[in-house]
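[1] From the sequence below, what's the structure:
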Amino acid sequence: MLIVGQALVSEDVLAKRFQCAITSCKGACCVEGDAGAPLDEEELGIIEQELDAVKPFMSEQGLNLLAERGFSEQDPIDKDFVTVCAPTGECVFVTYDMESGIAGCAIEKAYFAGKTWFRKPISCHLYPIRAKKYGDYIALNYHQWNICSAACTLGEENQVRVYEFLKEALTRKMGPSWYKELEVVARLWDEQKIQ
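    Below is the predicted model:
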């Protein structure tokens with residue numbers, strides 16, 4: 001782990017290559033997994049406030065799930081708040097493109113349509129990095145998952161590292177000056193590896 005400001009950054013974030021290949025995975029990260037997308041506490045209030053803007057972009061299944069169970073629940077294992085998921089695994093906010101079959105996010109669709117200022121939960125934006133608070137630090141770890149194997153291949157082909165692919169999300173989470181510091185650390189880390 002490397003310390004960058006108030007973050008503990010896994011070396012995998014600097015070393016591994018990754019570039020989302022959504023046409024291969026079809027947005028499986030929105031459908032598969034042990035639980036829904038992790039939500040920061042402040043996001044609970046934000047999503048609640050923005051729901052009316054998001055609902056027109058939600059699927060019928062998502063709207064029914066929302067009416068029955070709401071959009072968030074506590075994960076029974078780690079007690080964090082996560083998005084509610086259907087029994088088939090889809091996040092409450094999942095929508096499908098009818099032509100391509102690719103899973104997308106109703107919140108993000110509302111954002112790109114100019115209906116909300118909130119893009120999507122930061123945990124989704126940061127994926128494949130998982131952020132977890134540890135005391136005064138935020139640990140940023142690369143989460144390797146077989147559904148993203150095409151993204152790893154594409155990242156290798158185009159020489160895009162995890163932190164480069166996630167520049168916008170990391171800047172959103174940690175701030176622009178932090179990201180610039182990360183770039184400096186990554187460059188020094190590279191130089192050390194070469195020697």
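
[2] For the residue lying closest to Gln159 once chain neighbours are set aside, give its distance to Leu2.
    Sequence neighbours aside, Arg17 is the residue nearest to Gln159 in space, at 6.7 Å (criterion: CB to CB, 6 or more residues apart in numbering). (Glycine included, C-beta is placed from N, CA and C.) From Arg17 over to Leu2 the distance is 18 Å, taken as CB to CB, to the nearest Å.

[3] swap in Asp12?
    Distance, Asp12 to Leu2, by CB to CB: 11 Å.

[4] So if I had to pick from these two, which one is more boxed in?
    More neighbours surround Asp12 than the other of Asp12 and Leu2, with 19 against 16 (other CB atoms under 10 Å).

[5] right, and the more buried one touches Val162 too?
    Yes: judged on CB atoms under 8 Å, Asp12 makes contact with Val162 at a distance of 7.0 Å.

[6] Tell me the residues that contact both of these two, please.
    Tyr142 (CB atoms under 8 Å, 6 or more residues apart in numbering).

[7] now stretch 83-90: how far from the chain's centre is it?
    16 Å (CA atoms, centre = their mean, to the nearest Å).

[8] buried residues in it?
    Neighbour counts using 16 or more other CB atoms under 10 Å place 83-86, 90 of stretch 83-90 among the buried residues.

[9] Mind checking which of the residues you listed land in strands?
    Residues of the buried residues of stretch 83-90 located in strands (DSSP state E): Thr83.

[10] What is the least confident helix or strand in the chain by mean pLDDT packed up against?
    None of the helices or strands of the chain scores lower by mean pLDDT, DSSP states H and E than helix 22-25, at a mean of 78. Counting contacts by 3 or more CB pairs under 8 Å, 6 or more residues apart in numbering; DSSP states H and E, helix 22-25 is packed against helix 149-158.

[11] Remind me what the helix it packs on packs against, helices and strands.
    Going by 3+ CB pairs under 8 Å, 6+ apart, helix 149-158 lies up against helix 22-25.
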